[in-house]
Every structure is written in structure tokens, then in C-alpha cells.
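>>> pasting the structure only:
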Ligand code: UD1
């Protein structure tokens with residue numbers, strides 16, 4: 001949903017100070033919501049973040065015939081009960097839903113497994129790269145599906161039913177791993193998938209599917225073994241915390257040399273990123289596994305060189321926010337982006353704000369220590385949007401950020417959460 005709203009940020013020298021409650025993970029919630037297509041019984045989900053993307057998935061599942069009860073236990077959070085009776089299910093995703101969100105492709109695997117066919121119009125989402133679907137296609141073909149493309153849609157069908165198979169993914173794609181898992185859980189026989197994605201969101205999906213009666217072993221490693229079962233039953237599952245959101249606030253605190261406490265986070269999902277912050281001179285303390293503290297007062301930050309990579313490597317989804325932090329650290333930092341070929345769209349607006357960033361191919365060099373100044377900038381993708389808001393926090397004067405439909409796809413109440421820590425951030429209708 002496009003919005004003309006802008007966020008206005010008054011840059012200050014004041015450090016962010018306060019507490020932020022971390023929401024449920026968008027990237028875990030979306031495939032887990034799609035997993036409801038695999039069973040006739042209710043799948044009850046807690047801690048689903050209330051975001052544009054999860055609302056799009058709610059509408060999409062309704063369009064597919066899923067019966068859905070939605071509650072709002074607290075601001076920014078939804079609880080869902082999803083039931084997919086065979087009689088009401090329809091295997092064709094409407095074009096409007098698919099255009100709104102690239103992750104809509106995640107219903108392909110479960111629909112195919114449950115109904116023997118599925119049609120998903122070619123997806124929309126962030127314009128951060130070509131994002132082909134060959135890895136999704138290959139894993140489903142290995143399980144016995146036929147895939148065709150026509151009328152700008154991907155069609156999958158399997159008359160004989162899916163059969164377990166051994167397959168190596170060309171790259172450890174998160175979405176393709178999820179589609180493969182959700183197809184293989186109801187396939188006949190055993191599947192062994194090599195070179196799968198290992199992200200915490202994959203492990204969360206496996207936990208949910210296993211709670212529904214699936215038999216998945218090895219989630220979180222690069223090989224997954226899935227023994228197909230004839231049917232899945234209902235379950236209740238709580239979505240893991242959003243590690244990308246949590247890192248965004250830790251970076252905001254480091255950037256403003258502030259003192260922040262995150263509640264409801266999971267340190268184990270962010271150990272690599274926390275180590276990177278440590279190497280740059282910012283210590284993150286864990287009170288228990290769920291409460292994280294970053295106090296940057298007196299920090300003596302150092303530049304760094306980060307390379308994005310599939311988990312447990314440095315997440316591409318935190319690259320833009322990290323780049324803003326690097327602009328505040330004297331010396332030369334570098335970021336190499338290996339996942340998406342067009343994910344440096346935040347560089348131009350950051351340079352318009354006074355940053356000194358040059359891009360050469362997949363590497364950006366950041367000459368840090370030059371003060372940023374406020375400007376009117378446009379967000380071009382989800383994580384770029386939060387990076388521009390962070391830049392506004394430390395820029396001299398006023399920054400306004402547009403293109404907020406990207407921000408609201410993935411961050412629950414970002415202006416409000418920053419404001420609670422003393423930032424001067426407001427929504428301008
Ligand atoms: C997911 C996340 C996204 C994150 C990304 C990488 C969700 C909803 N989104 O996206 O936030 O940035 O992982 O961590 O979970 N690729 C192919 N062919 C395919 C599939 C992927 O070449 O069939 C390529 C992509 O173009 C990209 C790389 O593989 O270069 C990784 O993409 P993938 O892991 O599939 O990302 P998504 O699942 O789309």
C-alpha cells in the first residue's frame with residue numbers, strides 16, 4: 001500500500017536512552033502462516049507482528065479459502081487461528097496479493113503439497129535485485145512437480161502426488177528452503193535436502209511443522225532430512241523475535257552513543273552481528289537470553305569491513321543500517337554485499353545527507369566521521385527505509401523520509417519505539 005506520509009526527524013546530539021520491546025519476526029511469521037495451508041485443523045499463532053506484510057498474507061490466505069480468526073492481544077501484535085478445510089481451499093493466488101509482496105511465493109510449496117497444484121502470479125516486493133525463482137522451482141521439480149510459467153504466473157502441479165527426493169539447492173535460498181520443506185512434509189517417503197538455508201526463521205518453521213506432526217530433522221544445519229507423513233494436524237506456535245528489528249535498535253543506540261535495553265529479543269539468533277558490534281567497539285550485554293543491553297557512552301568505535309552472507313554470515317537485511325553506523329566512525333569502513341545485486345540504494349540518499357560513500361561493484365567504501373545533515377530523502381526498499389531514519393537521528397537539522405510503505409512492511413511502530421527512547425521522530429500525514 002503506497003502512502004504519502006513522511007517521517008520527520010529532528011537530529012539531535014542526544015543519545016537514545018530507553019527500552020524497546022522487540023516484535024515477532026516478519027520473516028518467520030510469513031512462511032509459518034502459509035504452513036496453515038497444510039492442515040485441515042486450526043493452526044494457532046502467537047506473537048505475529050502487525051505489519052503491512054503480515055496483513056497482506058492474512059488477505060492472501062483468506063483469498064485462498066483459509067478461515068481465519070484474528071485477535072490483537074496488544075498494540076503491534078496479532079494472534080491468528082488459521083483453518084484450511086479441503087472444501088474451501090483454492091490453489092490460485094490472486095494477482096493483486098502477489099504484486100504486493102514477494103513472499104507470497106511461499107504458498108507455492110504448501111498449496112502444491114495439499115492440493116496437487118498451485119498458481120502464484122510472479123511476485124512483487126523490494127526492488128533490490130532480480131530475485132529469480134529457479135531454486136524454488138528446482139526443489140519442487142525434484143519432488144515430482146511440473147512447473148510452467150505463463151500469463152506472468154508460476155504454475156506448479158503434480159498429478160501423482162509428491163515423492164521424497166535427494167536434492168542439493170544451487171544456493172541456500174531462504175524462500176526456496178521453506179517451499180521445499182512445506183512440500184516435502186506431505187510427500188511420500190524421505191527427502192534429503194543439501195545446501196539449505198540455516199536462518200533462525202527456517203528453524204522456527206521446522207519447529208512449527210514438527211508441532212503439526214511433520215518429521216523434519218537437521219533444521220539449522222546445511223542438510224535437512226524430512227520423512228513425509230500422510231497428514232498434518234493443528235498446533236499452537238509462538239513466532240520467534242525479529243532479529244533484524246532488534247539489530248536495527250542496537251545499531252541506533254550505537255549510532256547515537258546511547259544506552260538501550262531490548263526486551264523479548266533472542267541473543268542466540270544474533271551472535272554474529274553482536275560480535276561485529278563488539279569488534280567495532282560496542283559491547284552488547286545479555287541479562288538473560290531475552291534482554292539485551294547496549295551502552296555506547298564512552299565507546300571508542302573502530303571502522304570495520306563487513307561481508308553479507310547467508311546465515312550465520314552477516315545478514316543482508318542489516319547492511320544498510322550498519323552503513324549508517326559506519327558513517328559516524330572516523331576512518332574507512334567497507335561493506336561487501338554478496339546476496340542481492342541492487343541493495344545499495346541507500347547510498348545516494350546518505351550521500352545527499354553528507355556521507356562519503358563510494359560504490360565499486362558489490363563493495364561500498366565508507367569514509368566515516370563526516371557529519372550528516374538533514375535532507376528530504378526517499379526510501380527505496382524496506383531496510384534502506386530504516387537506515388534513513390537512523391541517519392536522521394544524528395543529522396544536523398531536519399530530515400524527512402518518504403516511501404514509507406517500505407518501512408511499514410517490516411517495522412512495527414518504528415517512530416513510536418524510537419520516540420520512547422527520546423528521539424524526535426514524528427509521522428507527517
Ligand atoms: C529472505 C528474506 C529477506 C532476506 C533474504 C536473504 C523473507 C520473507 N525474506 O528473502 O528479508 O533479505 O531472505 O537473507 O524471509 N535466488 C535465486 N533463485 C531463487 C531464489 C533465490 O537466484 O530461486 C537468489 C536471490 O536472488 C538472492 C539470493 O538467492 O540473490 C538469496 O535469496 P533468498 O534467500 O531466496 O531470499 P528470500 O527468501 O527472497
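All right, it came through fine. Just so we're clear, the structure is a prediction, and the values are computed from it rather than from any experiment.

>>> switch to C-alpha atoms for all contacts and neighbour counts from now on
OK.

>>> ok, how many other residues are close to residue 44?
20 (other CA atoms under 10 Å).

>>> List the buried residues of whichever helix or strand residue 276 is part of.
Secondary structure assigned from DSSP states H and E places residue 276 in helix 271-279. Across helix 271-279, burial judged by 16 or more other CA atoms under 10 Å covers 272, 273, 274, 276, 277.

>>> Do any residues in the lowest-mean-pLDDT helix or strand in the chain lie close to the ligand?
Ranked by mean pLDDT, DSSP states H and E, the helix or strand of the chain with the weakest confidence is helix 95-100, at a mean of 84. No: looking at helix 95-100 against the ligand by CA under 6 Å from any ligand atom, there are no contacts, and the closest approach is 12.6 Å.

>>> tell me what that helix is packed against?
helix 52-63, strand 117-121 (3 or more CA pairs under 8 Å, 6 or more residues apart in numbering; DSSP states H and E).

>>> if we look at the shortest one, which residues are touching it?
Applying CA atoms under 8 Å, 6 or more residues apart in numbering, the contact partners of strand 117-121 are 91-95, 98-99, 104-105, 107-108, 111-112, 152-158.

>>> The first one now?
If you take CA under 8 Å, 6+ apart as the criterion, helix 52-63 is touched by 1, 26, 29-30, 33-34, 48, 68, 90, 93-94, 97, 100-101, 104, 408-410.

>>> Separate out the buried members of those residues.
Of the contacts of helix 52-63, these count as buried by 16+ other CA under 10 Å: 26, 29-30, 33-34, 48, 68, 90, 93, 97, 100-101, 104, 408-410.

>>> Now the two most distant members of those residues.
Using CA to CA, the two most remote members of these are 90 and 408, lying 28.7 Å apart.

>>> Determine whether the claim that residue 33 is in a helix is correct.
Yes: assessed with DSSP: H, G, I helix; E, B strand; the rest coil, residue 33 lies in a helix.

>>> Can you read off the pLDDT for it?
We have a pLDDT of 98 for residue 33.

>>> do the same with the one 4 residues further on
Residue 37 is assigned a predicted lDDT (pLDDT) of 98.

>>> Please determine how far residue 40 is located from the ligand.
Distance of residue 40 to the ligand, computed by CA to the nearest ligand atom, to the nearest Å: 24 Å.

>>> Then residue 239?
Residue 239 is 13 Å from the ligand, by CA to the nearest ligand atom.

>>> just residue 12 next, same as before
30 Å.

>>> Quick one: neighbours of the spatially closest residue to that residue that is not a sequence neighbour, just the number.
Spatially, and ignoring its direct neighbours in sequence, residue 12 is nearest to residue 394 (5.9 Å; CA to CA, 6 or more residues apart in numbering). By other CA under 10 Å, 28 other residues sit near residue 394.

>>> for residue 394, phi and psi?
Residue 394 adopts backbone torsions of phi -110, psi 0, taken as degrees, to the nearest 10.

>>> for the one 5 residues further on, same thing?
Its backbone dihedrals place residue 399 at phi -120, psi 140, with angles given as degrees, to the nearest 10.

>>> Distance of the closest residue to it other than its chain neighbours relative to residue 428?
With sequence-adjacent residues excluded and distances taken as CA to CA, 6+ apart, residue 399 is closest to residue 374, at 4.3 Å. Noted for residue 374: a distance of 16 Å to residue 428, by CA to CA, to the nearest Å.

>>> What of residue 78?
When residue 78 is compared with residue 428 (using CA to CA), they lie 26 Å apart.

>>> Please apply the same query to residue 13.
22 Å.

>>> quick one on the thing from earlier: contacts for the helix holding residue 276?
With CA under 8 Å, 6+ apart, helix 271-279 has contacts from 247, 283, 284, 302, 304, 312, 313, 314.

>>> wait, does it contact the ligand?
No: Helix 271-279 lies apart from the ligand when judged by CA under 6 Å from any ligand atom; the minimum separation is 13.7 Å.

>>> next structured bit after that helix?
strand 284-288.

>>> Can you name every helix or strand that that next one contacts?
Against strand 284-288 (3+ CA pairs under 8 Å, 6+ apart) you get helix 271-279, strand 291-295.

>>> show me what contacts the residue nearest to residue 12?
Residue 394 neighbours (CA under 8 Å, 6+ apart): 11, 12, 13, 255, 256, 372.

>>> Narrow the residues you listed to those that are buried.
Of the contacts of residue 394, these count as buried by 16+ other CA under 10 Å: 11, 12, 255, 256, 372.

>>> Show me which residues of the chain are close to the ligand?
So the chain meets the ligand at 27, 103, 130-136, 173-176, 316-317, 339-340 (CA under 6 Å from any ligand atom).

>>> tell me the angle of the helix or strand hosting residue 321 relative to helix 271-279?
Assigned by DSSP H and E, residue 321 belongs to helix 319-327. Per axes from the mean of the first three to the mean of the last three CA atoms, to 10 degrees, the angle that helix 319-327 makes with helix 271-279 is 10 degrees.

>>> next structured bit after helix 319-327?
Helix 319-327 is succeeded, C-terminally, by strand 331-336 (DSSP H and E).

>>> Ends of stretch 194-203, what's the gap?
So stretch 194-203: terminal residues 15 Å apart, CA to CA.

>>> what ranges do the helices span in the protein?
26-34, 52-63, 95-100, 108-115, 134-142, 174-184, 200-211, 243-255, 271-279, 319-327, 347-352, 382-394, 404-410, 414-419 (DSSP state H).

>>> Poorly predicted segments of the stretch 251-400 of the chain, please.
By pLDDT under 70, the stretch 251-400 of the chain has no low-scoring segment.

>>> repeat that for 80
By pLDDT under 80, the low-scoring segments of the stretch 251-400 of the chain are 289, 342.

>>> now residue 148: how far from residue 109?
14 Å.
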